[in-house]
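1. Provided below for reference: sequence and predicted model.
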Amino acid sequence: MCAINGLINLADNKKQAKNILNKMQQVLNSNYPHRCQVFTHAQVALGGNYLCHTYHGKKYVIIYQGRLDNTKALSKKLDANGIKLRTATDAEIIVKLFALEGTKMFRKLNGNFAFALYEIDNQRLFLVRDPLGIKPLFYAVQKDGLAFSDKIKALFLHPQILPCVNLDGLRELFGVCPARTPGKTVYKNINEVKPGAYLCWQNGKITSTTYFKLVSRPHQDSSSTTMKKVKTLLRNALQNQLPQNARTGFMLSGGLDSSTITALAAQNNPNLKTFSVDYVGNQENFQPTDFSPTRDNYYINLVAKQYATQHQYHLLNSSDLCQTLREALIARDYPSMADIDSSLLLFSRALKQDVDVCFSGEFADEIFCGYPWFYRADTAKVNTFPWAIDLSIRENTIAKHLRPLLKIKDFVTQTFANAIAEVPLAKTDTPADRRMKTYSYLTMRWFGLNLLERGDRMSAYCDLDIRIPFTDLKLVQYVYNIPWEMKNYGGQEKGILRAAVANLLPAEVINRKKCPYPKTVDPVYTNLIEQSIRTLLADEDHPVWQIVDMNYVNQVLNDHTPQSTRPWFGQLMQRPQYLAFIYQIAMWLVEYQIIVELPKR
């Protein structure tokens, strides 16, 4: 892994630009200083493991992070045009294919990546992000140029870029977080290249172009053919992502998705290493709910036994979860999923001791419609994001003097309307298909993007490479158009996937009701978070109370009614996570020295 960053300095102060870039490099690559270099030309400075290429007299430079899953097909394309590869690295393939085809080649890339590609002769810079937005790429436009990086914290080393949050940023923080509006951040003047898009800078002008978008079209295949294709596409995705020479493992929760990936991999790879995560105190304190009906262990053992995997259980304790909230914040550069993040960071750190690459079943629920809001009556016809239908918690969290300024309900309503307008639909879609495609697209683009970012940021922080076969573009596009009645085959959520892999897994796993990523239910963790909030409440001058309503947080702290256990985001973010989220906001304001920019009263 290697961070990427760069500057365009219209003032043409090369010495200053190089000094800034060196500082960015030091922050981003403190763990891997030997992997990165600096390239300068004219007004452009690039930091990363760059590669230069000359084609028909034209020169190109690329800095790249990520992984391509279709390198074989792309290599064949180059070979057919007489272009030979020296290293066959992803970066070499991309830059040579770009030299051959230009920007139209972006839509041929399948994988998770972010890169900057510079045409030396035309002095034209492209910033490109993968179709689903797994890898980050942030940028800030300045009066004398442009700065970009895959880490927000690096941008703050530019003297003109401040950690400033204005009303728009607060609307993001309180209105949709932990999700984010694609392309936006909570910080003023810092944006992100949208998933499936690229920016082009030339002569001081910047344009944004979408190169990938799902297409809605009639599904022609029968149920039996669909099952076969789903299985084949998933198997191919897995094979394309399997490394040749790396320590490899598989996350195994005993759920349908991770169990499917494990089963497919075990067909040709005996003695797999599989891993699961659990928490001290969960065995004694777990209570089944509609959102988390069963524990994982029984189902994990079924799959591990069937495929004779070398399985390891990793048990996390509440003290470590609480202490790692700060690291999780730093890994994301903004408050997000609290201990849901910190637990994955700890899990990734433990996995790194045994493997360098680990496979996950993430994103299956997004494309196969597995989440409760696809089925629950209370989310069937809501005109807001179905994973966060109750805005009262969000509105009440905001400091009272800010509520009239932020108008969170209006913001979320407009944001939802904008999101709906982007959904790819076909005239031939039935009303049921239109509704489910809308929910599926929103879930992929918003809720799922947050989870993909979570996985990437927490694992990258530990130098672990998480790979997700369910994000394969061919699979995502095919499944998007499967009709709702077929996706719900047999009257079960994700029924078509269950039927497609029924011969690979025990019946108990095939029929297991969806359970989310495991979280702690240990009262020790809740007590630790509560104590942290009490300490915070005692500090009436803490900057968090400039934007958060102290009385409401105190009310939540002392609310132990059953209603307080209802998730306020997705399936996992309940009362303890709400309190931890507030605690992360408080840490963030201090750690990042946030400047809250508000209108003068």
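-> Now that the structure is in, tell me what you want to look at. Numbers count the residues shown, from 1 in each chain.
2. Would you mind listing the buried residues in the helix or strand hosting L78?
-> Here L78 sits within helix 71-80, counting by DSSP states H and E. Residues T71, L74, S75, K77, L78 are the ones in helix 71-80 that count as buried (16 or more other CB atoms under 10 Å). Placement of C-beta: from N, CA and C, glycine included.
3. Which elements pack onto it?
-> helix 90-101 (3 or more CB pairs under 8 Å, 6 or more residues apart in numbering; DSSP states H and E).
4. Report the buried residues of the helix it packs on.
-> Result for helix 90-101 [16+ other CB under 10 Å]: buried residues D90, A91, E92, I93, I94, V95, K96, L97, F98, A99.
5. what angle do the helix or strand just after it and helix 71-80 make?
-> Per DSSP H and E, the first helix or strand lying C-terminal to helix 90-101 is strand 111-119. Orientation check (axes from the mean of the first three to the mean of the last three CA atoms, to 10 degrees): strand 111-119 against helix 71-80 gives 30 degrees.
6. who does strand 111-119 touch, helix- and strand-wise?
-> strand 44-48, strand 58-68, helix 90-101, strand 124-129.
7. sorry, back to before: of the buried residues of helix 71-80, closest to L199?
-> Nearest to L199 among these, counting by CB to CB, is L74 at 22.3 Å.
8. Please name the residues that touch the closest one.
-> By CB atoms under 8 Å, 6 or more residues apart in numbering, the residues touching L74 are L68, I93, L97, K108, L109.
9. Please save the CA atoms from stretch 267-277 in CSV.
-> Taking C-alpha atoms only, stretch 267-277 is exported to CSV below (Å, rounded to 0.1, in the frame of the first residue of the first chain):
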residue,chain,number,x,y,z
GLN,A,267,-13.4,-25.9,-3.9
ASN,A,268,-9.8,-25.5,-5.1
ASN,A,269,-8.0,-24.3,-2.0
PRO,A,270,-7.9,-26.8,0.9
ASN,A,271,-6.9,-25.8,4.4
LEU,A,272,-8.3,-22.3,4.2
LYS,A,273,-7.6,-20.0,7.1
THR,A,274,-10.8,-18.5,8.3
PHE,A,275,-11.4,-15.9,11.0
SER,A,276,-14.3,-14.5,13.1
VAL,A,277,-14.7,-11.8,15.6
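10. Report the buried residues of that stretch.
-> So stretch 267-277, judged by 16+ other CB under 10 Å, has buried residues L272, K273, T274, F275, S276, V277.
11. circling back: pLDDT and distance to A399 for the contacts of L74 - can I get that in a markdown table?
-> Below are the contacts of L74 laid out as a markdown table (pLDDT from 0 to 100; distance: CB to CB, whole Å):
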| residue | pLDDT | distance to A399 |
| --- | --- | --- |
| L68 | 97 | 46 |
| I93 | 95 | 51 |
| L97 | 96 | 51 |
| K108 | 97 | 49 |
| L109 | 97 | 44 |
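12. Can you give me the neighbour number for the residue lying closest to L504 once chain neighbours are set aside?
-> Among residues not flanking L504 along the chain, A263 sits closest, at 4.1 Å (CB to CB, 6 or more residues apart in numbering). Burial of A263 is recorded as 21 neighbouring residues (other CB atoms under 10 Å).
13. isn't A263 right next to N503, touching?
-> No: using CB atoms under 8 Å, A263 is not in contact with N503; the gap is 9.4 Å.
14. all strands for the stretch 451-600 of the chain, in order.
-> Remark: strands assigned in the stretch 451-600 of the chain by DSSP state E, counting those that start in this stretch are 465-467, 595-596.
15. circling back: pick out whichever of the contacts of L74 sits closest to Q283.
-> L68 (41.9 Å).
16. quick one: contacts of stretch 429-441?
-> Residues beyond stretch 429-441 that count as contacts (CB under 8 Å, 6+ apart) turn out to be 214, 216, 366-367, 369, 373-374, 386, 420, 422-425, 480, 483-485, 487.
17. Can you say which of those are buried?
-> For the contacts of stretch 429-441, buried by 16+ other CB under 10 Å: 214, 216, 366-367, 369, 373-374, 386, 423, 480, 483-484, 487.
18. Might you report the residue contacts of P270?
-> P270 neighbours (CB under 8 Å, 6+ apart): A308.
19. List the residues that contact L302.
-> By CB under 8 Å, 6+ apart, the neighbours of L302 are G254, P506, E508, V509.
20. Tell me how many other residues surround the last one.
-> Applying other CB under 10 Å, we find 23 residues neighbouring V509.
21. cool, the third one as well?
-> Other residues lying near E508 total 13 when counted by other CB under 10 Å.
22. residues touching it, list them.
-> Counted by CB under 8 Å, 6+ apart, E508 has contacts Y298, Y299, L302.
23. Please tabulate those in a markdown table and include distance to N245, pLDDT and secondary structure as additional columns.
-> Output for the contacts of E508, formatted as a markdown table (distance: CB to CB, whole Å; pLDDT from 0 to 100; DSSP: H, G, I helix; E, B strand; the rest coil):
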| residue | distance to N245 | pLDDT | secondary structure |
| --- | --- | --- | --- |
| Y298 | 35 | 95 | helix |
| Y299 | 32 | 97 | helix |
| L302 | 31 | 98 | helix |
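24. And those residues, which is closest to V357?
-> Nearest to V357 out of the contacts of E508 is Y299 (CB to CB; 23.7 Å).
25. so which strand or helix has the closest residue to that closest one other than its chain neighbours?
-> Once flanking residues are discounted, Y299 sits nearest to G254: 2.8 Å by CB to CB, 6+ apart. Using DSSP H and E, G254 falls within no helix or strand.
26. Look at G254 and say how many residues are nearby.
-> As a burial measure, G254 scores 26 neighbours (other CB under 10 Å).
27. Next: M587.
-> 18.
28. Likewise for K600?
-> Neighbour count of K600, defined by other CB under 10 Å: 3.
29. swap in P159?
-> By the criterion of other CB under 10 Å, P159 has 10 neighbours.
30. Hmm, it is touching I20, no?
-> Yes: P159 lies in contact with I20 (CB under 8 Å); the separation is 7.4 Å.
31. Check which residues of stretch 201-216 are buried.
-> For stretch 201-216, by 16+ other CB under 10 Å, it's W201, Y211, F212, L214, S216.
32. How far away from the center of its chain is it?
-> Distance of stretch 201-216 from the chain centroid (CA atoms, centre = their mean, to the nearest Å) equals 21 Å.
33. and what of stretch 146-155?
-> For stretch 146-155, the distance to the chain centre is 17 Å (CA atoms, centre = their mean).
34. May I see the buried residues of that stretch?
-> For stretch 146-155, using 16+ other CB under 10 Å, the buried residues are L146, A147, F148, S149, D150, K151, I152, A154, L155.
35. Identify, from those residues, the entry nearest to G491.
-> Among the buried residues of stretch 146-155, and counting by CB to CB, the member closest to G491 is D150, at 43.5 Å.
36. List the contacts of the residue nearest in space to the middle of the chain.
-> Note on the chain: the residue nearest the mean C-alpha position is E453, at 1.9 Å, using CA atoms, centre = their mean. Listed by CB under 8 Å, 6+ apart, the contact set of E453 reads G133, I134, P136, R332.
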